[in-house]
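J.: Turn this into a model:
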Amino acid sequence: PMQTWQTICLVSAVGLGTACAFSPGGLLPRLKSARQCILNTFMSSQYLDNLNQGDGGPAEIVRLGTDQDPRYSAIVVHRGTVYLTGQVSFAAEDARGQAIDIFNKIDKMLAQAGTDKSKLLTAMIWVKDMKTDFAPMNEEWNAWIDSGNKPTRACVESPLARESLRVEVQVTAAV
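T.: Prediction:
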């Protein structure tokens, strides 16, 4: 049965791998391509069951802030992970003021989902102009972030949805 087998993939630099199935009775090596090995491992019924079910039933998805916009939920919580939609601010004209407001919004949204910034996993930041907006946004980020629990982060320059917007931030956190 699937519960008694584990597949381990060892991938070489040329893309071939050795798959070894461990069973209670011993080691049964089978040579496969790394791609096939990975697909077999991750597409096994046991793996899919673990993804789709928690305590014997469908995984619960909680959506919060669904009344704010007909196109999206502001917060989605699934399997201990909190996903926030991108946050912008119309409360200030400059990147610094927008960043401060955005980080305050994120704090409130994370609290609504039962977590906080110390549990951030990843952050994606968009700034309108890297030359003028990055430094003030980054100073506010450094003041706001929990320095002992920093998430992964990317920051890119991008035109934003409205002319007045200078910064947008989207985060994912653990509960």
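J.: any idea of the pLDDT on Q36?
T.: At Q36, the predicted lDDT confidence score is 45.
J.: Any buried residues in the longest helix anywhere in the chain, and which?
T.: With secondary structure taken from DSSP state H, the chain has its longest helix at helix 95-112. Buried residues in helix 95-112, defined by neighbour count with 16 or more other Cβ atoms under 10 Å: 95-103, 105-106, 109-110. No exception for glycine: its C-beta is placed from N, CA and C like everyone else's.
J.: Please tell me I have it right and T172 contacts T81.
T.: Yes: using Cβ atoms under 8 Å as the test, T172 is close enough to T81 to be in contact (6.4 Å).
J.: list the residues that contact both of those two?
T.: L121 (Cβ atoms under 8 Å, 6 or more residues apart in numbering).
J.: before we move on, back to that, list the strands paired with the helix or strand that comes right after the longest helix of the chain, with their directions.
T.: Using DSSP states H and E, the helix or strand that directly follows helix 95-112 along the chain is strand 120-127. The strands that strand 120-127 pairs with in its sheet are strand 152-157 (parallel), strand 167-174 (antiparallel) (by DSSP bridges).
J.: Just name the most buried of these.
T.: Here the criterion is mean neighbour count by mean count of other Cβ atoms under 10 Å, and of the strands paired with strand 120-127 the winner is strand 167-174, at a mean of 21.
J.: in the chain, which helix or strand is least confident?
T.: Here the helix or strand of the chain ranked lowest by mean pLDDT, DSSP states H and E is strand 6-11, holding a mean of 36.
J.: As JSON lines, the buried residues of helix 95-112 with distance to A123 and pLDDT would be great.
T.: As requested, the buried residues of helix 95-112 are exported to JSON lines (distance: Cβ to Cβ, whole Å; pLDDT from 0 to 100):
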{"residue": "A95", "distance to A123": "16", "pLDDT": "99"}
{"residue": "R96", "distance to A123": "17", "pLDDT": "99"}
{"residue": "G97", "distance to A123": "19", "pLDDT": "99"}
{"residue": "Q98", "distance to A123": "15", "pLDDT": "99"}
{"residue": "A99", "distance to A123": "12", "pLDDT": "99"}
{"residue": "I100", "distance to A123": "16", "pLDDT": "99"}
{"residue": "D101", "distance to A123": "16", "pLDDT": "99"}
{"residue": "I102", "distance to A123": "11", "pLDDT": "99"}
{"residue": "F103", "distance to A123": "10", "pLDDT": "99"}
{"residue": "K105", "distance to A123": "14", "pLDDT": "98"}
{"residue": "I106", "distance to A123": "9", "pLDDT": "99"}
{"residue": "M109", "distance to A123": "13", "pLDDT": "97"}
{"residue": "L110", "distance to A123": "12", "pLDDT": "98"}
